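In: sequence-free structure coming up:
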């Protein structure tokens, strides 16, 4: 395999990664806020208390994670079996876009018309579960096309020499997607465009990407054709065998470290935009701009740029040199975000360097995960990756955030005088502890060595 990727291959990587990240960002960022702000917008105190909004978000994230992992195992194995990544990606994106568009029609009025439910408590519960179920269906489509097939395709077409570069691009695109989604989500929240228009527009874009994939995606050659002869159900349990785990110990250690960082991220991220909207932004109303917070933000930006430049240079010479410093910076930044209180300027100053360190850590460790993945089994091992970076983090993380917020007991009163639990700054302390735990598998991995042989 050639070490350099063609322009067409780079175009496909960027197009399908960015499109997938737009869809995932809408799910991860907008659905939580949509649930908290729209579904619960005019709920009575009795209805809202029957199923707390933060608990609903927690359940939705956990259910989505379970579906994502099961789907990736099943469909990743199938894509290995049939060696047709192109079809799984393209058809999966088309179905993904269709389901995303349908999401725009979920409202309490529509649920009431379909079911005939008029009782406030029952209607809220029905609406919440409609969102959760549709989220799970959307996740299944996304996991089939993106998590299993596309990620396996990227592993198939890359070598250790180009993977750090590819991982860098794959890590930057979610940031681009976040900015785009934030812009459109702000328009939806302000009423400039409706959520229906928002979701349908995104759905059409994802569908078009899937249709294009049928014509421009190239199928990578099978590296291990003998895997196609192995019975399907035998392959499903392959990655759980003790002998396989022992043989690929470096892969599982790398995934465990990623898991700890992902738990830290998921502890606050499902509630992050709710926290900004209801805890940080209101503080700006009576805030007087002084030199100190501005200086803090400038320092935070400078540190972020320095971290990005220095850490990437260090990683180019020795990948393992940036792992422990990254964890230390993530820990310090998250703790600082907690002590920043409701001052958004101090929050930004602490959070920015932590986010940069987190992404650099994820880039380098993500490249190692691809390096350590057995040839010809990239699709199958996507299921294992999903357990470590999706299932465990998205079940444990949001629960930790909910526990932190329940302990703080901070509420706010909405427009219809209903008391709603707010995410608490203490969730960042829980996240910091989870990040620190990543040091354990990291140290063991570095002792084993992270070097890989280049493919000829």
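Out: Nice, thanks for sending it over. Everything quoted here is computed from the prediction, not taken from an experiment.

In: Tell me how far the helix or strand that residue 74 is a member of lies from the chain's centre.
Out: Residue 74 is part of helix 53-82 when elements are defined by DSSP states H and E. Once both centres are worked out by C-alpha atoms, centre = their mean, to the nearest Å, helix 53-82 turns out to sit 12 Å from its chain's centre.

In: per-residue confidence averaged over it?
Out: Mean pLDDT, helix 53-82: 83.

In: Next, the angle helix 53-82 makes with the very next helix or strand once past that helix.
Out: Going down the chain from helix 53-82, the next helix or strand is helix 85-102, by DSSP H and E. With axes from the mean of the first three to the mean of the last three C-alpha atoms, to 10 degrees applied, the angle from helix 85-102 to helix 53-82 works out at 150 degrees.

In: Any buried residues in the helix holding residue 74, and which?
Out: 53-54, 56-65, 67-81 (16 or more other C-beta atoms under 10 Å). (Each C-beta comes from the backbone N, C-alpha and C, glycine too.)

In: now swap in stretch 266-276 and tell me
Out: With burial defined by 16+ other C-beta under 10 Å, the residues of stretch 266-276 counted as buried are 266, 267, 268, 269, 270, 271, 272, 273, 274, 275.

In: quick one: the second one is in a helix?
Out: Yes: secondary structure assignment places residue 267 in a helix (DSSP: H, G, I helix; E, B strand; the rest coil).

In: show me what contacts it?
Out: Residues in contact with residue 267 (C-beta atoms under 8 Å, 6 or more residues apart in numbering) are 397, 398, 400, 401, 404, 427, 428, 430, 431, 434.

In: now do 10 Å
Out: 334, 393, 396-404, 427-435 (C-beta atoms under 10 Å, 6 or more residues apart in numbering).

In: of these, buried ones?
Out: Buried among the contacts of residue 267 (16+ other C-beta under 10 Å): 334, 393, 396-404, 427-435.

In: Show me these that map onto helices.
Out: Of these, the ones assigned to helices by DSSP state H are 334, 393, 396-404, 427-435.

In: Where does the prediction get shaky in the stretch 201-350 of the chain?
Out: Scanning the stretch 201-350 of the chain for pLDDT under 70 picks out 222-236, 282-294, 297, 311-312, 315-316, 318.

In: at 50 what do you get?
Out: By pLDDT under 50, the stretch 201-350 of the chain has no low-scoring segment.

In: Helices of that one, start to end?
Out: Counting by DSSP state H, counting those that start in this stretch, the stretch 201-350 of the chain has helices at residues 232-236, 242-247, 249-275, 291-317, 323-339, 344-372.

In: who wins for proximity to residue 195 among the ones you listed?
Out: helix 249-275 (14.9 Å; C-beta to C-beta).

In: residues contacting residue 350?
Out: With the criterion set at C-beta under 10 Å, 6+ apart, residue 350 makes contact with 296, 300, 303, 332-340, 428.

In: Just the buried ones out of the residues you listed, please.
Out: 296, 300, 303, 332, 333, 334, 335, 336, 337, 338, 340, 428.

In: Distance of the fifth one relative to residue 171?
Out: To tie it back to what came earlier, the one meant is residue 333. 17 Å (C-beta to C-beta, to the nearest Å).

In: now do the last one
Out: According to C-beta to C-beta, residue 428 stands 22 Å off from residue 171.

In: Likewise for the fourth one?
Out: Counting by C-beta to C-beta, the gap from residue 332 to residue 171 is 21 Å.

In: and residue 166, that's in a helix?
Out: Yes: judged by three-state DSSP, residue 166 forms part of a helix.

In: Give me the nearest residue to it, chain neighbours excluded.
Out: Once flanking residues are discounted, residue 166 sits nearest to residue 158: 5.4 Å by C-beta to C-beta, 6 or more residues apart in numbering.

In: residue contacts, the nearest residue to residue 85 once chain neighbours are set aside?
Out: With C-beta to C-beta, 6+ apart as the criterion, residue 85 has its nearest non-adjacent residue at 4.2 Å, and that residue is residue 153. Under the criterion of C-beta under 10 Å, 6+ apart, the neighbours of residue 153 are 12-13, 16, 79, 85-86, 88-89, 217-220, 378-379.

In: Narrow those to just the buried residues.
Out: The buried subset of those (16+ other C-beta under 10 Å) comprises 12, 13, 16, 79, 85, 86, 88, 89, 217, 220, 378, 379.
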